[in-house]
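A.B. asks: Dropping a prediction and its sequence here:
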Amino acid sequence: MAKVITARSEDYSKWYGDIVTNANMAEHSAVRGCMVIKPHGFAIWEKMRDQLDKMFKDTGHVNAYFPLFIPKSFLSREAEHVEGFAKECAVVTHHRLMSDPNGKGLIVDPEAKLEEELIVRPTSETIIWDTYKNWINSYRDLPLLINQWANVVRWEMRTRMFLRTTEFLWQEGHTAHATREEAVEEAKQMQKVYAQFAEEWMAMPVIQGSKTVNERFAGAEETWTIEALMQDGKALQAGTSHFLAQNFAKAFDVKFLNENNKEEYVWATSWGVSTRLVGGLIMTHSDDDGLVLPPKLAPTQVVIVPIPKPKVEIDEVAEKIMKELRAKGVSVKYDTDKKKRPGFKFAEHELHGVPVRLGIGMRDIENGQVEVARRDTKEKTSQPLEGISSYIVDLLDDIQNNLFNRAVQFRTEHTTSVDNFDDFKNVLEEKSGFISAHWDGSTETELKIKELTKASARCIPNDFEEEEGKCVLTGKPSKGRILFAKAY
RNA sequence: CGGGGUGUGGCGCAGUCCGGUUAGCGCACCUGCUUUGGGAGCAGGGGGCCGCAGGUUCGAAUCCUGCCACCCCGACCA
């Protein structure tokens, strides 16, 4: 069999689709815009979810679950929020089907029309704040730190597996606080949690920053974001954390009595990451041979391939290695399939992104060695059997670090400061990536830049430095550089 | 919703223009033998309402009409 993956240089978009399908991550379903997440893809999402869940709990949050359906009227309570989501909602209008009196099949029973339509949640602020109203009476009830793992539906025009699907899996944190300062701190904290997860677990470097007014979440006073750079030079918004001020508290009348027995509106945050992260993971590390996974998120970290096939002597060595590795917390599989030849298995495990592959044949056993192949660099070496498990533990660490450093280097090479609009356009055209440029701060200019170049304002970096300059488009005074890029 | 395209075994396609045996091919799948240190070879085998519904015709994957679905490019978005 030849290559099954389209080369990135040939067609990046096709490459991405090939990775997703051929690495058994997901496939298109019978439902428009919705994917089936297959076991391998789901296993990666599970690893992400477990780690994030732990990090949320370590920062004091608890999980709960709110309904899939939201009464239509709830959505209109917060003006900007409805504006942002109304155009992409799935709506439930009836609750019953009947057989078609004129023929075969089923029709919607017109008698079963709902008095109030239900929206399939595109996000849960409204239903949650309507609930919080009953949960919060006193400052003693605050802060309320709740997270939900859920599916949501946004009826997008165009979809791409993991990056933008009609239904997607995510978590949404919704917290309530007594003061503005505390809520702002919470939102910033969660941005840091996301950044830490992205960098330490996904080995995906991110820029932490805040969104421009135009790019802000519908209903937020401030949106913090983590922005990653994909291999094709496009940015991916990988996670957002919003300071919602008292907007939802006012819309849903959520007040509390403070220590002085005075009524106040509650301050809110919400924050989320989704299965989109899986797409980001793919586009950060993978190559033309298939998926490349950071060891910390790889469902199987080490695979052992018997050469040419299982045999008592090889089995014994493999069992011993597996036992040692498992004792060290490494997930390992022994590929005992007798029908596939070694070469096929090598290619297959590379396609699936297994970080380390061990090859063991009689030749190796005689020499007291195993063949160690790392997925990130595709290097192969022979290592002594003695002490192999410690070697692998170190190697997994090394791979994790190497992937991160490689991605950082790519991002550094693809981040360009420009001082005029021609350079701005040229850089976008020729090498793409992040562009650091002065901007006059107006939404009008931001939109104009987007219209002219398709690059959007990604964020105002948290480490924004004051620097006198001129807006790259209008020449008006600017107080510092922000990041632009074409984005997913 | 605008522009373009495609619907043929699980997947990828040929055949359609110009109607005519039993609808082919590659991959995958099943069986057997030989292989096995980078995607094995040979032999045999299973699997199709040709997107759906009408129509034209002695005869339709092929021509006509209508519908549906999906993909790509735009506007929207995590």
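C.D. replies: Nice, thanks for sending it over. Since the structure is predicted, the reported quantities are computational estimates derived from the model, not experimental observations.
A.B. asks: State the phi and psi torsions of the nearest residue to A:Ser331 once chain neighbours are set aside.
C.D. replies: Across the structure, with Cβ to Cβ, 6 or more residues apart in numbering as the measure, the residue nearest A:Ser331 apart from its sequence neighbours is A:Gln301 (4.9 Å). In short, each C-beta sits where N, CA and C put it, glycine included. With angles defined as degrees, to the nearest 10, A:Gln301 shows backbone torsions of phi -90, psi -30.
A.B. asks: and A:Gln301, how many neighbours?
C.D. replies: The criterion is other Cβ atoms under 10 Å. On that basis, A:Gln301 has 24 neighbouring residues.
A.B. asks: Now do the same contact list for it.
C.D. replies: Contacts were defined as Cβ atoms under 8 Å, 6 or more residues apart in numbering; by that measure A:Gln301 touches A:Pro295, A:Val330, A:Ser331, A:Val332, A:Val354, A:Pro355, A:Val356, A:Leu396.
A.B. asks: Mind checking which of the residues you listed are buried?
C.D. replies: For the contacts of A:Gln301, burial is judged from neighbour counts taken by 16 or more other Cβ atoms under 10 Å, and it is met by A:Pro295, A:Val330, A:Ser331, A:Val332, A:Val354, A:Pro355, A:Val356, A:Leu396.
A.B. asks: where does the second one land in three-state SS?
C.D. replies: So the one you mean is A:Val330. Classification of A:Val330 by DSSP: H, G, I helix; E, B strand; the rest coil places it in coil.
A.B. asks: Enumerate every residue touching it.
C.D. replies: A:Gln301, A:Val302, A:Ser389, A:Ile392, A:Val393, A:Leu396.
A.B. asks: need the residues you listed in TSV with secondary structure, can you?
C.D. replies: Formatted as TSV, the entries for the contacts of A:Val330 read as follows, by three-state DSSP:
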residue	secondary structure
A:Gln301	coil
A:Val302	strand
A:Ser389	helix
A:Ile392	helix
A:Val393	helix
A:Leu396	helix
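A.B. asks: Nearest to RNA strand B, out of those: which one, please.
C.D. replies: A:Val302 (14.4 Å; Cβ to the nearest atom of the strand).
A.B. asks: A:Arg357 is in contact with the closest one, correct?
C.D. replies: Yes - here A:Val302 lies in contact with A:Arg357, judged by Cβ atoms under 8 Å, at a distance of 7.4 Å.
A.B. asks: Looking at the two, which is more packed in?
C.D. replies: Neighbours per residue (other Cβ under 10 Å) separate A:Val302 from A:Arg357, with A:Val302 holding more: 27 against 20.
A.B. asks: which residue packs closest to the more buried one, ignoring adjacent ones?
C.D. replies: The spatial neighbour of A:Val302 that comes closest, neighbours along the chain excluded (Cβ to Cβ, 6+ apart), is A:Val332 at 4.2 Å.
A.B. asks: Next up, the contacts around that neighbour.
C.D. replies: A:Val332 makes contact with A:Thr300, A:Gln301, A:Val302, A:Val303, A:Ile304, A:Ile321, A:Met322, A:Leu325, A:Arg326, according to Cβ under 8 Å, 6+ apart.
A.B. asks: can you do 6 Å?
C.D. replies: Taking Cβ atoms under 6 Å, 6 or more residues apart in numbering as the definition of contact, the neighbours of A:Val332 are A:Val302, A:Met322, A:Leu325.
A.B. asks: From A:Leu144, how far off is it?
C.D. replies: 42 Å (Cβ to Cβ, to the nearest Å).
A.B. asks: and if you look at A:Asp394?
C.D. replies: In this structure, A:Asp394 and A:Leu144 are 44 Å apart, going by Cβ to Cβ.
A.B. asks: Show me which of these two is the more surrounded one.
C.D. replies: The neighbour comparison of A:Asp394 against A:Leu144 (other Cβ under 10 Å) goes to A:Leu144, with 20 against 10.
A.B. asks: Buried residues of stretch A:37-48, list them for me.
C.D. replies: Residues A:Ile37, A:His40, A:Gly41, A:Phe42, A:Ala43, A:Ile44, A:Trp45, A:Lys47, A:Met48 are the ones in stretch A:37-48 that count as buried (16+ other Cβ under 10 Å).
A.B. asks: So which residues of chain A form helices?
C.D. replies: For chain A, the helices defined by DSSP state H occupy A:12-22, A:39-58, A:72-75, A:79-85, A:125-135, A:180-196, A:247-251, A:276-285, A:312-327, A:342-351, A:362-367, A:388-413, A:421-430, A:443-453.
A.B. asks: Residues in contact with the fourth one: which ones?
C.D. replies: For helix A:79-85, contacts defined as Cβ under 6 Å, 6+ apart pick out A:Leu75, A:Ser76, A:Pro122, A:Ala218, A:Gly219.
A.B. asks: now, which of those sits nearest RNA strand B?
C.D. replies: Sorting the contacts of helix A:79-85 by distance to RNA strand B puts A:Ala218 at the head of the list, at 7.3 Å, by Cβ to the nearest atom of the strand.
A.B. asks: What separation is there between that closest one and A:Thr126?
C.D. replies: Per Cβ to Cβ, A:Ala218 is found 11 Å from A:Thr126.
A.B. asks: more crowded one of those two?
C.D. replies: Residue environment comparison for A:Ala218 versus A:Thr126 gives the larger neighbour count to A:Thr126, 27 against 19, counting by other Cβ under 10 Å.
A.B. asks: out of everything not next to it in sequence, what's closest to the more buried one?
C.D. replies: Going by Cβ to Cβ, 6+ apart, A:Thr126 has A:Phe74 as its nearest residue, at 4.0 Å.
A.B. asks: Count the residues that sit near A:Trp15.
C.D. replies: Burial measure for A:Trp15: 22 neighbouring residues, criterion other Cβ under 10 Å.
A.B. asks: From start to finish, how long is stretch A:84-101 in a straight line?
C.D. replies: With Cα to Cα, to the nearest Å as the measure, stretch A:84-101 spans 40 Å from end to end.
A.B. asks: Then stretch A:130-140?
C.D. replies: Across stretch A:130-140, the terminal residues are separated by 19 Å (Cα to Cα).
A.B. asks: In it, which residues are buried?
C.D. replies: Neighbour-count burial for stretch A:130-140, counted by 16+ other Cβ under 10 Å, picks out A:Asp130, A:Thr131, A:Tyr132, A:Ile136, A:Tyr139.
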